[in-house]
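K.L.:
Compute the structure for the input listed below.
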Amino acid sequence: MSETTGFFVAQNKIPLQESYVAIPSQNGLSYNAQKLIEFYIPPNVDAFKPKNSYLQFDLELSQDTSASNTRLQLDELIGGQCLIDTIRIHSGDKTELLEEIRHYPVHVATKYAYHSNPTLKDLRALNEGAGIWTPDCRGTRGTTKSILTNHKFSPYYEAVTADPTNASFKNSLYHKCKLKLPLHTGLFQNDKVVPCGLMNGLFVTILTSENKRVFRQLDSVSYERRIPLNPIFHSVDANTGSPATWDKSTASNVFYVKHDNNNFEVPNFPFVVGETFEFAKVTDRTKSVFDAPAVIKQIETFGSGANEYIKITLLNAVTPTVDVVSAQNFAMYSTSVRAATSYNPTYEISNAELVVNQIDMGAQAKAEAQRDMREGKMMVYDFLSTQVYNYSQLKGDRVANIGIPANHQRAKSVICVPTDASVYSTKDSISCEGTYEISTGTDIVLNSTQSGIAGISDRLTEYFFFYDGRNQPSLNVKTEKISAKNSIDAIPILELDKALSQAEMPALDMSRFNENFCIGRAFSLNKGVYDMRGKDCRLNIFYQDTANQPVKDKLWCNFVYHIRRINIRADSIQVEV
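P.N.:
Purely as a prediction, here's the structure:
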């Protein structure tokens, strides 16, 4: 409403009609790892609202049939978004690259780690296959909450409900599920209508991710993730008063687990038939292995009332190397992935469609736009985008000067994510063996499931940015408490909060500041922009902890958020960054 009109003064309004159009992929019926999915939005979709548009497809996971069984799912934080490695958007004739986002899962993981609340988490679990905390799979031994334990209501596989259950957990139990993903690009997150017809349509190209980057194993069966959350050994005889020890000189094929961590019925039990396991002491993870692989043959409840326990029957009787004692709290952990020679699960995407929210502007508006174009006028379309600049750092580099060529006319902020650049096998990545240690304490050990996706502090002690001829901020920002994994530094969190706000993904939840460590700097405030052209932007980082040195090589993904402009003329399209 303009300043010269009042609230009750009628103005000319264009009635808009909305509809949804599903555009199928062009170059195939199904896709797996490292494949290109291409969509062409034709010019007859004259205009569409990008923020209401989304990608949908069917997904089916497959575990490695040459190894023992276990439950697999996609990344617990970003769900199906981890299936996208790179996304590119071209004009319809492919003469102009409008936007490209490499390291797409890193970008989305940063957004989902901080721009999150219970409503958004629930929505991402429903639509995108992300993890969610459920009371049925809750821990009762004081661990931190996990969103990677929901095996009872998972979209990826059938829930086990039979009691007793002795059916092997094979690929036939994995569902073909439907995922609906918003595309987190500047163009598709904009709230302004895209004049697709004036750009000769749009080409959207998606490169799918490698297998080892997408699969996750449940926290409640992992040796490297919250081991007190796993099922706890009770006895070999289900005697409540005097539970019998599984002696290291005794072979057995039957044992019982405690009620801890909600394991009082078969549907709540996280292990499956055909899964192999060992025991480890909860307090210090001391292992008690077996003289032969312990394979679960049957899972059932036994007894009644307070004396009812989950009973595990094994395929063959086995003998532990250490006495497994109830009072010492030995937890089960899965070896189906860890003990495999190699482990190579796969995924398949099918029926991929880009659903766009088409807007009918009406014949009069179309005619006016075409007339203006013929008269030589130009349409300008602005949207907030990001450009990523990479820097490789070895763990022995205790000081680094990272150049960020943020040569953007309308820059808003930069968010730097130091990801783990170590090369892990697929089985190590899934089992989290050797990945970055996020924290200890009540979880005993919590290793990262998001290697190469989430940021790691890795004993960083301080940093500062340098641009426009001076340090930004004027004093170095200390990060020692965060990287020591036992406290929090306020200033880096405040700096990151401002950078996230300028990137239009305001921080609603800071609880993952250590699980997804980032360094942020706002170039301006209050939705303003800053001209970075000709500015030599650098990030200076220091690892000066003499007692603890960095343990991981890092690939820095430096995302510069900026306003990108598309200039549309009758005979050309030009992008300004």
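K.L.:
List the buried residues in stretch 50-66.
P.N.:
50, 52-61, 63-64 (16 or more other Cβ atoms under 10 Å). All C-beta spots, glycine's among them, are computed from the backbone N, C-alpha and C.
K.L.:
and those residues, which of them are in strands?
P.N.:
Members of these lying in strands (criterion: DSSP state E): 50, 52-61.
K.L.:
Show me what Tyr463 is bridged to.
P.N.:
Val477, Ile541 (DSSP bridges).
K.L.:
So it sits against Pro473, correct?
P.N.:
No. Using Cβ atoms under 8 Å, Tyr463 is not in contact with Pro473, being 10.3 Å away.
K.L.:
which of these two has more neighbours?
P.N.:
Counted by other Cβ atoms under 10 Å, Tyr463 and Pro473 do not tie: Tyr463 has more neighbours, with 20 against 12.
K.L.:
Could I get the contacting residues of that one?
P.N.:
For Tyr463, the contact set (Cβ atoms under 8 Å, 6 or more residues apart in numbering) comprises 476-477, 479, 492, 519, 539-542.
K.L.:
Can I have the buried ones of the residues you listed as a PyMOL selection?
P.N.:
To isolate the buried ones among these in PyMOL, judged by 16+ other Cβ under 10 Å, type:
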select buried, resi 477+479+492+519+539+541+542
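K.L.:
Out of the contacts of Tyr463, which two sit at the greatest distance?
P.N.:
Within those, two members stand farthest from each other by Cβ to Cβ: Pro492 and Asn540, at 14.0 Å.
K.L.:
what helix or strand does Arg124 sit in?
P.N.:
helix 118-128 (DSSP states H and E).
K.L.:
Centre of the chain to that helix, how far?
P.N.:
Counting by Cα atoms, centre = their mean, to the nearest Å, helix 118-128 is centred 13 Å from the centre of its parent chain.
K.L.:
Kindly report the same for stretch 478-496.
P.N.:
Computed by Cα atoms, centre = their mean, the chain-centroid distance of stretch 478-496 equals 22 Å.
K.L.:
which residue ranges form the strands in the stretch 301-450 of the chain?
P.N.:
309-318, 330-334, 346-360, 379-393, 399-403, 411-420, 437-439, 446-447 (DSSP state E, counting those that start in this stretch).
K.L.:
Could you point out which of these sits nearest Asn567?
P.N.:
Of all the strands of the stretch 301-450 of the chain, strand 379-393 sits nearest to Asn567, with 6.0 Å by Cβ to Cβ.
K.L.:
What strands line up against the closest one, and which way round?
P.N.:
Applying DSSP bridges, one finds strand 379-393 paired with strand 554-568 (antiparallel).
K.L.:
Kindly state the pLDDT recorded for Phe7?
P.N.:
Among the per-residue scores, Phe7 holds a pLDDT of 51.
K.L.:
try the one 3 residues further on
P.N.:
Here the pLDDT value assigned to Ala10 is 54.
K.L.:
same deal with Asp122?
P.N.:
95.
K.L.:
Tell me, how many residues neighbour it?
P.N.:
If you count neighbours by other Cβ under 10 Å, Asp122 ends up with 12.
K.L.:
quick one: it from Pro506, how far?
P.N.:
19 Å (Cβ to Cβ, to the nearest Å).
K.L.:
repeat for Thr449
P.N.:
Between Thr449 and Pro506 the distance is 26 Å, computed by Cβ to Cβ.
K.L.:
Looking at these two, which one has more neighbours?
P.N.:
Just comparing Thr449 and Pro506: by other Cβ under 10 Å the higher neighbour count belongs to Thr449, 26 against 12.
K.L.:
show me the contacts for that one.
P.N.:
75-76, 148, 216, 225, 432, 435.
K.L.:
same question, His175
P.N.:
Neighbouring residues of His175 by Cβ under 8 Å, 6+ apart: 60, 155-158.
K.L.:
got a markdown table for those, with distance to Trp246 and secondary structure too?
P.N.:
Converted to a markdown table, those look like this (distance: Cβ to Cβ, whole Å; DSSP: H, G, I helix; E, B strand; the rest coil):
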| residue | distance to Trp246 | secondary structure |
| --- | --- | --- |
| Glu60 | 39 | strand |
| Pro155 | 36 | coil |
| Tyr156 | 33 | coil |
| Tyr157 | 30 | strand |
| Glu158 | 31 | coil |
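K.L.:
Pull out the buried residues from the residues you listed.
P.N.:
For the contacts of His175, a neighbour count by 16+ other Cβ under 10 Å gives the buried set as 60, 155-157.
K.L.:
Can you name the two of the residues you listed that sit furthest apart?
P.N.:
Spanning the widest gap among the buried ones among the contacts of His175 are Glu60 and Pro155, at 11.1 Å by Cβ to Cβ.
K.L.:
list residues touching both of the two?
P.N.:
Applying Cβ under 8 Å, 6+ apart, one finds that Glu60 and Pro155 are jointly contacted by 175, 177.
K.L.:
and Ala365, how many neighbours?
P.N.:
Other residues lying near Ala365 total 14 when counted by other Cβ under 10 Å.
K.L.:
for Thr110, same thing?
P.N.:
29.
K.L.:
Which helix or strand contains it?
P.N.:
Thr110 belongs to helix 104-114 when elements are defined using DSSP H and E.
K.L.:
Quick one: residues in contact with that helix.
P.N.:
Looking at what lies outside helix 104-114 - Cβ under 8 Å, 6+ apart - the contacts are 75, 77-78, 81-82, 84-87, 101, 124, 130, 184, 209, 213, 386, 388, 415, 417, 419, 450, 452-455, 496, 500, 505, 507-510, 512, 515-516, 518, 557, 559.
K.L.:
tell me what the helix holding Arg124 is packed against?
P.N.:
Other helices and strands packing on helix 118-128, by 3 or more Cβ pairs under 8 Å, 6 or more residues apart in numbering; DSSP states H and E, are strand 176-181.
K.L.:
Let me see the contact set for the residue nearest to Pro243 when sequence neighbours are not counted.
P.N.:
Here the nearest residue to Pro243 in space, its sequence neighbours aside, is Ser235; by Cβ to Cβ, 6 or more residues apart in numbering that works out to 3.3 Å. Ser235 makes contact with 243-246, 255-256, 326 under the criterion Cβ under 8 Å, 6+ apart.
K.L.:
For Ser235, what are phi and psi?
P.N.:
Backbone torsions of Ser235, given as degrees, to the nearest 10, read phi -170, psi 180.
K.L.:
where's stretch 124-138 relative to the chain centroid, distance-wise?
P.N.:
When distances are taken as Cα atoms, centre = their mean, stretch 124-138 is centred 13 Å away from the chain's centroid.
K.L.:
next one: stretch 62-80
P.N.:
What separates the centre of stretch 62-80 from the centre of its chain is 14 Å, taken as Cα atoms, centre = their mean.
K.L.:
please renumber so the chain begins at 25
P.N.:
All set: I'll call the first residue 25, so the last point we hit is now stretch 86-104.
K.L.:
Show me which residues of that stretch are buried.
P.N.:
Buried residues in stretch 86-104, counted by 16+ other Cβ under 10 Å: 87-88, 91-104.
K.L.:
How about stretch 424-440?
P.N.:
Neighbour-count burial for stretch 424-440 [16+ other Cβ under 10 Å]: 424, 426, 428, 430-432, 434-440.
K.L.:
With stretch 333-343 instead?
P.N.:
Those would be 333-339, 342-343, for stretch 333-343 by 16+ other Cβ under 10 Å.
K.L.:
Noted, bye for now.
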